[in-house]
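> 3D model of this:
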Amino acid sequence: MPPQTVTAEAGETGPRPPWERAPTVAAASLLPLVDRVPSMAAPCRMHSSIDRIEASLAEWTREVGLETPARAGFERMAGRAFAGFGVDAALLFAKWLTWLFHFDDEWDEKPAGHAAEIVEATFARLGRLAGSAPPPAGCSVPAQARGGAVPFQARGAVPVEVAFQDLWRVTAGRMSARWRERFALGLREQGAACRAEADNRRAGRVPSAGEYPALRRGTAGPYLFDLVEACLGAEVPARLRESPTWRTLVDACNDVTAWCNDVASHPKERANGDVHNYVTVAAAAFGLSDAAAVAWVNDRIAERAQDLRTAAMRLPELFDRLGLSPAQARDVSKVACAFLSAPRAQLEWLLESSRYSA
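A predicted model of the protein is given here:
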C-alpha cells in the first residue's frame with residue numbers, strides 16, 4: 001500500500017492540510033501491520049468537528065502554558081478514536097493526550113529523567129493534586145472553566161502541574177470515588193515505572209526483553225485507558241473491569257499502542273541516548289540489526305493485537321454472564337470500541353505527526 005494513501009480518512013474530501021507530509025521512515029516501518037492486523041486495516045473516520053477541537057486545544061495549551069510542537073496533531077489522534085462521539089469527549093481526551101506526551105518528554109528528553117528523586121517528588125505532587133476533592137456532584141462550574149480557561153494557578157506551579165490540575169478538576173467531578181482511586185493507582189504505577197527507568201539511565205542498563213513489556217505498560221500511563229471512561233461518561237462496572245477478559249482488553253490496547261509508538265520513535269530516542277524502547281531492547285537482547293529488531297517488535301504487535309480482538313469478541317457473552325443491564329452493556333461497548341479503534345487511530349497519527357520527525 002503506498003504510504004501516501006494510508007493517512008487518508010474515510011469521509012474527508014479536498015486537499016490535505018499543508019502540515020500533512022509523507023510518513024517518516026520509522027513510522028512507515030509499521031505499514032506491514034496493515035495487512036496483518038484487521039483492526040489496523042480500515043482507515044479511521046475523522047471527527048466532523050476536528051477544526052473546532054483543534055482550535056479549542058490550542059487555546060487551552062496557551063492558557064496552561066504547555067509548549068506543544070507545531071503539527072504534533074494530538075487532537076487528530078483523539079478525533080479519530082472518538083470520531084463517533086461528542087466534541088466534549090474528543091476534546092477532553094485530546095487535552096489529556098497533550099498533557100501525557102508533554103509529561104513523558106520530561107523524563108525521556110531532559111536531565112530529570114536520570115534523577116529518581118525528581119521523579120518521585122513530581123509524582124508525589126501530582127498524587128496530592130489527584131487526591132484533592134473534586135467539585136460536588138451538581139456543582140455549577142464557571143462558564144470560563146467549562147470552556148477550558150484555567151480558573152487559578154498555584155504560586156510557583158509549573159505548566160505540567162497547572163495543566164494536570166485543570167484536567168483533574170474537569171474529569172474527576174464526573175466520576176465515582178472508586179474510579180478516582182483507580183486513576184490514582186495508575187498514577188502511582190506510572191511513577192514507579194518512571195523511577196525504574198531513571199535508575200536504568202543512571203546505571204547505563206538496558207531492560208531485558210522479559211521485563212520491558214510491564215515496564216512500558218507502566219510508563220505509558222495506565223490511567224490513560226481509564227480516562228476513556230471519563231471522556232465518554234461511562235464507568236465500567238467493577239465485576240467486569242476485574243475480569244481477565246477486560247484486563248486483557250485494556251493491557252493489550254496499552255501494549256499495541258505503546259509498542260507502535262516505540263517503532264516510530266526509535267530513531268529519535270536512540271539519538272537522545274534513551275534505551276527504553278522495545279526496538280532497542282530487542283536488538284540488545286537477541287543481537288539483531290535495527291531492521292530485524294523492528295520486524296521482531298512488529299510480530300509482537302500483531303500477536304498482541306490478536307489478543308485485543310479476541311478479548312473484544314468475548315465481551316457479549318461476558319455481559320450476559322455478569323448480568324449487565326442493556327444500558328450498562330451499551331456504555332461498556334462504547335469504551336471497548338474506543339480501545340478497538342485506538343491502534344489504527346494511532347497509526348494514522350504516527351504517519352502524519354511531526355512529533356518523531358528527525
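
> now stretch 282-291, how far from the centre of its chain.
26 Å (CA atoms, centre = their mean, to the nearest Å).

> Quick one: mean pLDDT for it?
Averaged across stretch 282-291, pLDDT comes to 98.

> Next, the distance between the ends of it.
Terminal residues of stretch 282-291 lie 11 Å apart, using CA to CA, to the nearest Å.

> tell me which residues in that stretch are buried?
Applying a neighbour-count criterion of 16 or more other CB atoms under 10 Å, one finds 282-283, 285, 288, 290 buried in stretch 282-291. For every residue, glycine as well, the C-beta is placed using N, CA and C.

> where does Glu106 land on pLDDT?
73.

> Distance check, it against Arg174.
27 Å (CB to CB, to the nearest Å).

> one step back: let me have the buried residues of stretch 282-291 in a markdown table, extended by secondary structure and distance to Leu227.
Output for those, formatted as a markdown table (DSSP: H, G, I helix; E, B strand; the rest coil; distance: CB to CB, whole Å):
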| residue | secondary structure | distance to Leu227 |
| --- | --- | --- |
| Ala282 | helix | 29 |
| Ala283 | helix | 33 |
| Ala285 | helix | 32 |
| Leu288 | coil | 35 |
| Asp290 | helix | 33 |
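
> Pull the most distant pair out of these.
Greatest spatial distance among the buried residues of stretch 282-291 (CB to CB): Ala285 and Asp290, at 13.7 Å.

> can you list residues touching both of these two?
Contact criterion CB atoms under 8 Å, 6 or more residues apart in numbering; residues shared by Ala285 and Asp290: none found.

> which outside residues touch whichever strand or helix holds Arg300?
According to DSSP states H and E, Arg300 maps onto helix 290-313. Contact with helix 290-313 is made by 29-30, 32-33, 36-40, 245-246, 248-249, 252-253, 255-256, 259-260, 262-263, 266, 278-280, 282-283, 286, 288, 336, 339-340, 343, as judged by CB under 8 Å, 6+ apart.

> I only care about those residues that end up buried; give me the ChimeraX line for that.
Here is the ChimeraX command that picks out the buried ones among these, judged by 16+ other CB under 10 Å:
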select :29,30,32,33,37,39,40,246,248,249,252,253,255,256,259,260,262,263,266,278,279,280,282,283,288,336,339,340,343
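
> pLDDT averaged over stretch 341-358 - what is it?
Mean predicted confidence for stretch 341-358 is 90.

> Count the residues that sit near the residue nearest to Ser341 when sequence neighbours are not counted.
Using CB to CB, 6 or more residues apart in numbering and skipping the chain neighbours, the partner closest in space to Ser341 is Ala81 (5.3 Å). Using other CB atoms under 10 Å, Ala81 has 29 other residues around it.

> for Ala41, same thing?
A count of neighbours around Ala41, defined by other CB under 10 Å, yields 12.
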